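# please find the sequence and the predicted model below.
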Amino acid sequence: MNEIESPEWHRSSLCSGGTCVEVAEFDGQYMVRDGKNPQLAALSFTKAEWLAFVAGVKNDEFVF
């Protein structure tokens, strides 16, 4: 019987109380899910999309 692989989820070391997002790289995709509700569906991004998002965060392009 073959085991089904699953993503290895990661949280920031600055996350407290489980209220952060979790990120996994799996099968050529970058996935993001809600850390406090991990049973909900994850969002999936290509490597190019993920790298563009990370660059935007580092450049303060997302202002609330």
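Arrived safely. Numbering: from 1, shown residues only.
# the residue nearest to Phe45 when sequence neighbours are not counted: which element?
The shortest distance from Phe45 to any non-neighbouring residue, by Cβ to Cβ, 6 or more residues apart in numbering, is to Tyr30 (4.7 Å). The C-beta positions use only the backbone N, C-alpha and C, and glycine is treated the same way. Following DSSP states H and E, one finds Tyr30 within strand 29-34.
# check the offset of whichever helix or strand comes after that strand from the chain's centre.
Per DSSP H and E, strand 29-34 leads on to strand 43-45 as the next helix or strand towards the C-terminus. Between the centre of strand 43-45 and the centre of its chain there are 8 Å (Cα atoms, centre = their mean, to the nearest Å).
# doesn't Val23 make contact with Asp34?
No. The pair Asp34 / Val23 is not scored as a contact, 11.5 Å apart, by Cβ atoms under 8 Å.
# and the gap between Asn37 and Thr19?
Taking Cβ to Cβ, to the nearest Å as the measure, Asn37 and Thr19 are separated by 10 Å.
# what of Ile4?
29 Å.
# which one's more surrounded, these two?
Between Ile4 and Thr19, counting by other Cβ atoms under 10 Å, Thr19 is the more crowded of the two (10 against 5).
# contact partners for the residue nearest to Phe45?
By Cβ atoms under 8 Å, 6 or more residues apart in numbering, Tyr30 lies in contact with Val23, Ala24, Ser44, Phe45, Thr46, Lys47, Glu49, Trp50.
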